[in-house]
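Enquirer: Coordinates for the following, if possible.
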Amino acid sequence: MSAQAQMRAMLDQLMGTSRDEHVWLPQISNLECVGFYVAGDTTRQRIKFSDDRVCKSHLLNCCPHDVLSGTRMDLGECLKVHDLALRADYEIASKDQDFFFELDAMDHLQSFIADCDRRTEVAKKRLAETQEEISAEVAAKAERVHELNEEIGKLLAKVEQLGADGNVEESQKVMDEVEKARVKKREAEEVYRNSMPASSFQQQKLRVCEVCSAYLGLHDNDRRLADHFGGKLHLGFIEIREKLEELRRIVADKQEKRNQERLKRREEREREEREKLRRSRSHSKHTKRYISLQTRNAISDASLLQAGIFCICLALLI
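Expert: Coordinates of the predicted model:
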């Protein structure tokens with residue numbers, strides 16, 4: 001990327017699409033071809049971050065197409081729109097309104113991780129078919145060596161990162177842990193070696209990484225282990241998996257909050273309805289009392305009228 005392109009990307013990320021007034025998409029029938037352009041041409045249609053064609057995972061900075069770019073599992077360009085300016089627009093707008101894009105991103109990452117896990121299971125079955133069968137006891141000993149390999153690889157990757165950050169003292173402490181793990185590994189290898197014929201031990205026993213589905217060898221050296229566990233592919237998958245767990249928590253919390261708000265509104269409606277019913281019954285009761293009183297008064301008035309008429313008739317007869 002040229003210096004000018006880098007500067008444009010930085011400005012887009014900081015200022016959003018308002019820097020260039022509008023963001024545009026070409027008016028084409030095939031929506032998968034989402035070439036992205038900025039401003040100037042009035043024949044292009046405007047697009048906002050809420051558009052269905054915009055990658056919501058990109059807006060949340062977790063699209064696998066971005067995270068795994070440049071690795072051996074590079075997915076190529078995403079079929080949806082990616083642009084830092086739109087992400088900046090979303091980050092500004094999301095401070096005042098919740099767009100619930102976490103659900104879209106969660107579904108995207110769940111589908112991607114599910115595919116990765118299926119590939120891992122297929123790779124495991126393939127290894128089980130091609131590698132020499134060993135007893136459960138020997139397999140457990142081999143698994144112990146693999147576990148120590150993984151521990152050493154992660155520690156070495158951490159050492160390199162601490163060294164790159166200039167944290168020499170902490171890096172040395174982690175290196176001491178590496179040496180302890182190496183001693184344990186040598187002991188585990190010796191136990192494993194003594195449990196099977198020498199010819200079988202020399203065969204490269206492979207294992208599938210549970211995180212990124214890459215193959216790991218039982219006899220891989222420290223450099224190979226550090227390259228794997230500190231590599232962009234493995235760290236990228238860790239980032240994606242951790243982001244997926246974070247999105248699940250966020251979505252669950254938001255759903256719980258919405259359910260509570262919905263329950264609160266329902267309780268308020270029920271309370272209002274009960275109050276209306278109480279008022280209606282009270283009004284009906286007063287109305288009945290009024291009618292009863294008026295009826296008694298009418299009957300009383302009628303009785304007096306009848307008595308008066310009787311007295312008049314009696315007087316006329318006399």
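Enquirer: Identify the residues contacting Val159.
Expert: 171, 174-175, 178 (C-beta atoms under 8 Å, 6 or more residues apart in numbering). The C-beta positions use only the backbone N, C-alpha and C, and glycine is treated the same way.
Enquirer: where's it, which helix or strand?
Expert: Assigning secondary structure by DSSP states H and E places Val159 in helix 136-164.
Enquirer: swap in Arg207?
Expert: Using DSSP H and E, Arg207 falls within strand 206-208.
Enquirer: Tell me the strands beside that strand, with direction?
Expert: When pairing is defined by DSSP bridges, strand 206-208 lines up against strand 215-217 (antiparallel).
Enquirer: hmm, back to that, can you select the buried ones from the contacts of Val159 in PyMOL?
Expert: Those of the contacts of Val159 that count as buried under 16 or more other C-beta atoms under 10 Å are selected in PyMOL with:
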select buried, resi 171+174+178
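Enquirer: Switch the contacts of Val159 over to JSON lines; also include secondary structure, pLDDT and distance to Thr295.
Expert: Converted to JSON lines, the contacts of Val159 look like this (DSSP: H, G, I helix; E, B strand; the rest coil; pLDDT from 0 to 100; distance: C-beta to C-beta, whole Å):
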{"residue": "Ser171", "secondary structure": "helix", "pLDDT": "90", "distance to Thr295": "99"}
{"residue": "Val174", "secondary structure": "helix", "pLDDT": "92", "distance to Thr295": "96"}
{"residue": "Met175", "secondary structure": "helix", "pLDDT": "92", "distance to Thr295": "102"}
{"residue": "Val178", "secondary structure": "helix", "pLDDT": "92", "distance to Thr295": "100"}
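Enquirer: Using JSON lines, lay out the contacts of Val159 together with distance to Val67.
Expert: Output for those, formatted as JSON lines (distance: C-beta to C-beta, whole Å):
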{"residue": "Ser171", "distance to Val67": "26"}
{"residue": "Val174", "distance to Val67": "25"}
{"residue": "Met175", "distance to Val67": "29"}
{"residue": "Val178", "distance to Val67": "27"}
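Enquirer: and which of the contacts of Val159 is nearest to Lys243?
Expert: In terms of C-beta to C-beta, no member of the contacts of Val159 lies closer to Lys243 than Val174, at 25.3 Å.
Enquirer: Give the next helix or strand downstream of the strand or helix carrying Asp66.
Expert: For Asp66, the element it lies in under DSSP H and E is helix 64-67. Downstream of helix 64-67, the first helix or strand assigned by DSSP H and E is helix 84-93.
Enquirer: can you pull out the strands in the protein?
Expert: All strands of the chain, identified by DSSP state E, fall at 23-25, 37-38, 45-46, 206-208, 215-217.
Enquirer: And these, which one averages the lowest pLDDT?
Expert: Among the strands of the chain, strand 37-38 carries the lowest mean pLDDT, a mean of 44.
Enquirer: what stretches of the stretch 1-150 of the chain score poorly on pLDDT?
Expert: Applying pLDDT under 70 to the stretch 1-150 of the chain flags residues 1-45, 131-135.
Enquirer: let's go with 50 and repeat that
Expert: Applying pLDDT under 50 to the stretch 1-150 of the chain picks out residues 22-24, 26-44.
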